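Student: only geometry, no sequence info:
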């Protein structure tokens, strides 16, 4: 647990220093037609977490053969995120750099998807020569799913913390010690960041945002971790079960991209059609939205975890996940009506105009 504690402490210590630097170097997120927060908020939470993770990981994992591959690839992701936070980069440049980082992590950081398990019930799905490109695709996809979920105070950080917790238990059970160490460091850094980003009784709004540097880094590291635990030599987590650990970011991202394409829009276009936007338009407060999504993430994670430990077939977990996604996809257009009904049942009141 020392890794978690030091990750937390270093993030808490680094954040105020980076907040002062943010004003000097214009690393600020200002309100616009899409962003309705109050005032210019420093987007240095990701840098604070990256600093803490790098320092503690160097202390704990410097002798590991995976360290430098992971360090270089994550550094690339953080740099791309910082540049995008400061001067929005073209989509092609972002994906090119993310793909290069994914290639490094798949070749030099011990994270390569070679098998998807008995995903469809016809035997193990072995990737063969497609292992590296599929790993790069999955890593970039997960990183961007967390990036797109960063839309409310505490939302992306909480989702990453929940996913990291489930993966840490899986890493412990599969004997993936290096992965467990990294996940503990990551969890500590997240806890430190959430002290500045979560809405708390003494903090009515976020003091710091993680920025693209933080959300992309979190998704990237979690993607690395899930590849490691699903490809472990003993007691590996089935990839079908792992989908449930990432359910909310994955379903939200894939669903909104499909909806945009069906309407003739670019899937990478900015918009206010994420799950948290839909819940907000239904009349819920930001706090209610965040806690509802976090509760759903925990529920889905428990489904995947207990399904794995109970010995459910990979195909059962996979088709179950697909079924939930289909329900989500077709239900999200009518979510406002359903959620207002749900809110009345819980006694939540709609904010007054």
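Tutor: Good, I have the coordinates. Everything numeric in this text was worked out from a predicted model, so none of it was measured.
Student: Please make it C-alpha for all contacts and neighbour counts, starting now.
Tutor: Will do.
Student: average model confidence for stretch 115-123?
Tutor: Average pLDDT, stretch 115-123: 90.
Student: for the residue nearest the centre of the chain, what are its contacts?
Tutor: What sits nearest the mean C-alpha location of the chain, by Cα atoms, centre = their mean, is residue 146, with 3.4 Å. Residues near residue 146 by Cα atoms under 8 Å, 6 or more residues apart in numbering: 156, 160, 215, 216, 218, 219, 249.
Student: Just want the phi and psi numbers for it.
Tutor: Phi and psi for residue 146, reported as degrees, to the nearest 10, are phi -70, psi -30.
Student: thinking again about what came up before, now, the contacts of residue 146 that are in strands?
Tutor: If you go by DSSP state E, the contacts of residue 146 have nothing in strands.
Student: Helix or strand: which one has the residue lying closest to residue 162 once chain neighbours are set aside?
Tutor: The shortest distance from residue 162 to any non-neighbouring residue, by Cα to Cα, 6 or more residues apart in numbering, is to residue 298 (6.6 Å). Per DSSP states H and E, residue 298 falls inside helix 286-309.
Student: Save the contacts of residue 146 as CSV, and put in neighbour count too.
Tutor: Converted to CSV, the contacts of residue 146 look like this (neighbours: other Cα atoms under 10 Å):
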residue, neighbour count
156, 26
160, 26
215, 27
216, 29
218, 31
219, 25
249, 27
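Student: quick one, helices of the stretch 201-350 of the chain?
Tutor: All helices of the stretch 201-350 of the chain, identified by DSSP state H, counting those that start in this stretch, fall at 211-230, 239-245, 247-262, 275-281, 286-309, 314-331, 335-346.
Student: can you pull the buried residues of stretch 50-64?
Tutor: 50, 51, 52, 53, 54, 55, 56, 57, 60, 61 (16 or more other Cα atoms under 10 Å).
Student: Show me which of the residues you listed is closest to residue 112.
Tutor: Set against residue 112, the nearest of the buried residues of stretch 50-64 by Cα to Cα is residue 61 (19.1 Å).
Student: contacting residues for the closest residue to the closest one other than its chain neighbours?
Tutor: With sequence-adjacent residues excluded and distances taken as Cα to Cα, 6+ apart, residue 61 is closest to residue 67, at 6.1 Å. Counting by Cα under 8 Å, 6+ apart, residue 67 makes contact with 57, 58, 61, 109.
Student: follow-up on the earlier one: would you tell me which of the helices of the stretch 201-350 of the chain gets closest to residue 29?
Tutor: helix 211-230 (8.3 Å).
Student: Show me what the closest one is packed up against.
Tutor: Where contact means 3 or more Cα pairs under 8 Å, 6 or more residues apart in numbering; DSSP states H and E, helix 211-230 is packed against helix 45-61, helix 67-86, helix 131-148, helix 155-174, helix 177-197, helix 239-245.
Student: What's the mean pLDDT across that helix?
Tutor: 95.
Student: What number of residues are in the vicinity of residue 318?
Tutor: For residue 318, the neighbour count with other Cα atoms under 10 Å is 22.
Student: Would you confirm that it contacts residue 120?
Tutor: Yes: counting by Cα atoms under 8 Å, residue 318 does reach residue 120; the two are 7.4 Å apart.
Student: Using TSV, please lay out the contacts of residue 146 together with distance to residue 9.
Tutor: Converted to TSV, the contacts of residue 146 look like this (distance: Cα to Cα, whole Å):
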residue	distance to residue 9
156	20
160	18
215	20
216	22
218	18
219	22
249	28
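Student: Name the nearest of these relative to residue 229.
Tutor: residue 219 (15.4 Å).
Student: Quick one: residues contacting the closest one.
Tutor: Per Cα under 8 Å, 6+ apart, neighbours of residue 219: 139, 142, 143, 144, 145, 146, 147, 160.
Student: Dump these to CSV, plus pLDDT and distance to residue 86.
Tutor: What follows is the contacts of residue 219, written out as CSV (pLDDT from 0 to 100; distance: Cα to Cα, whole Å):
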residue, pLDDT, distance to residue 86
139, 95, 24
142, 95, 23
143, 94, 19
144, 93, 18
145, 93, 20
146, 93, 19
147, 90, 16
160, 96, 23
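Student: can you put the residues you listed in CSV and add distance to residue 227?
Tutor: Output for the contacts of residue 219, formatted as CSV (distance: Cα to Cα, whole Å):
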residue, distance to residue 227
139, 9
142, 11
143, 13
144, 16
145, 16
146, 16
147, 19
160, 16
